[in-house]
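Asker: missing the sequence, but the structure's below:
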């Protein structure tokens, strides 16, 4: 969403190989502190990275809040690189590995990177490190096949980031968005419906799996940037059925919801040659974000939506924004 008063927001609340264990921890808020990432650009789309704390005002549900902490755009990030190694990516693994390496090259020296591959399993290839050789080696050996456990991989990444303390946090996930379990759920939902009923039968936002990820991202303060592979584009299906079109559209919509809710951007890869450029653009976007913290005057954890509004002293600035969080 673009507008003069809208801002990109994110609400925060040894080389090894580790497999994901089944975990389904309840989401709890252990701190009243809310973290907000803010990106600012001018009318020509150029990032504004030199603002100070006094230029920002923050409101929750219309009530002005005291900004207790302010971080400039140079503050380091902890980033999880999630690489889809399912069967659908087997034919262009080299493209993925070369492009992902460009992301490493574009990061700031103090940014910490963990590399995670996922397919029918979720594997940590290296934990958070500033050693780019370690991360590059992880990318070069990423491999897999079969099903796609995208949302288990996102859950695992959020759990890893929860141990990174007060550092700024992000996930960059390369995937076509086709999660095997969610696709099976969608298929069951469409069973027995006529072709005319199918287009309206799936509500992507209603997925419990998706909302579990979104709520955890609220708590952990993680910005998520999906890079959507062309294999998940419903327009590229050969002679698709209405069911296939509906399921692929739902998967792509969920990636968009993740980006919007967490303050990231959905980057659509139309040609494999674009992948490296889009990775570099995401790394550059991380360098344009401010971060503020505040303790809400409304401390009730009632599960209700809290609308956030950020204002700056210069009304000429144009931004994109995420506008709130659920107080859980």
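Answerer: Good, I have the coordinates. Everything numeric in this text was worked out from a predicted model, so none of it was measured.
Asker: quick one: the strands in the stretch 101-250 of the chain?
Answerer: Residue ranges of the strands in the stretch 101-250 of the chain, as given by DSSP state E, counting those that start in this stretch, are 112-118, 122-129, 168-175, 222-228.
Asker: From the contact counts, what lies against the second one?
Answerer: To tie it back to what came earlier, the one meant is strand 122-129. Using 3 or more C-beta pairs under 8 Å, 6 or more residues apart in numbering; DSSP states H and E, the elements in contact with strand 122-129 are strand 18-19, strand 112-118, helix 132-141, helix 150-161. The C-beta positions use only the backbone N, C-alpha and C, and glycine is treated the same way.
Asker: just checking, next helix/strand downstream of the shortest one?
Answerer: Same thing as strand 18-19. Of the helices and strands lying after strand 18-19 in sequence (DSSP states H and E), the nearest is strand 34-39.
Asker: rewinding a little: okay if I get the helices and strands packed on strand 122-129 as a markdown table plus distance to residue 124?
Answerer: As requested, those are arranged in a markdown table below (distance: least, C-beta to C-beta, whole Å):
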| stretch | distance to residue 124 |
| --- | --- |
| strand 18-19 | 4 |
| strand 112-118 | 6 |
| helix 132-141 | 9 |
| helix 150-161 | 7 |
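Asker: For the ones you listed, please prepare JSON lines with the additional fields mean pLDDT and distance to residue 327.
Answerer: Putting the helices and strands packed on strand 122-129 into JSON lines (pLDDT from 0 to 100; distance: least, C-beta to C-beta, whole Å) gives the following:
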{"stretch": "strand 18-19", "mean pLDDT": "42", "distance to residue 327": "33"}
{"stretch": "strand 112-118", "mean pLDDT": "98", "distance to residue 327": "29"}
{"stretch": "helix 132-141", "mean pLDDT": "97", "distance to residue 327": "36"}
{"stretch": "helix 150-161", "mean pLDDT": "98", "distance to residue 327": "18"}
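Asker: so which of those comes closest to residue 250?
Answerer: Closest to residue 250 of the helices and strands packed on strand 122-129 is helix 150-161 (C-beta to C-beta; 12.9 Å).
Asker: Can you list the low-confidence ranges for this protein?
Answerer: Screening the chain residue by residue with the criterion pLDDT under 70, one finds the ranges 1-31, 319-322.
Asker: all helices of it, in order?
Answerer: 93-106, 132-141, 150-161, 180-190, 208-220, 242-262, 275-286 (DSSP state H).
Asker: the domain parsing of this protein - what is it?
Answerer: If the domains of the chain are taken from automatic domain parsing, they occupy 2-13+28-73+288-326, 77-282, with pieces of a single domain joined by a plus sign.
Asker: just checking, residue 85 touches residue 115?
Answerer: No - under the criterion of C-beta atoms under 8 Å, residue 85 lies out of contact with residue 115, with a separation of 11.2 Å.
Asker: returning to that earlier point: so of the domains of the chain, which one's packed in deepest?
Answerer: Each of those was given a mean neighbour count from mean count of other C-beta atoms under 10 Å, and the largest, a mean of 19, is that of domain 77-282.
Asker: could you list every residue that touches residue 161?
Answerer: Listed by C-beta atoms under 8 Å, 6 or more residues apart in numbering, the contact partners of residue 161 are 78, 80, 169, 171, 220, 222.
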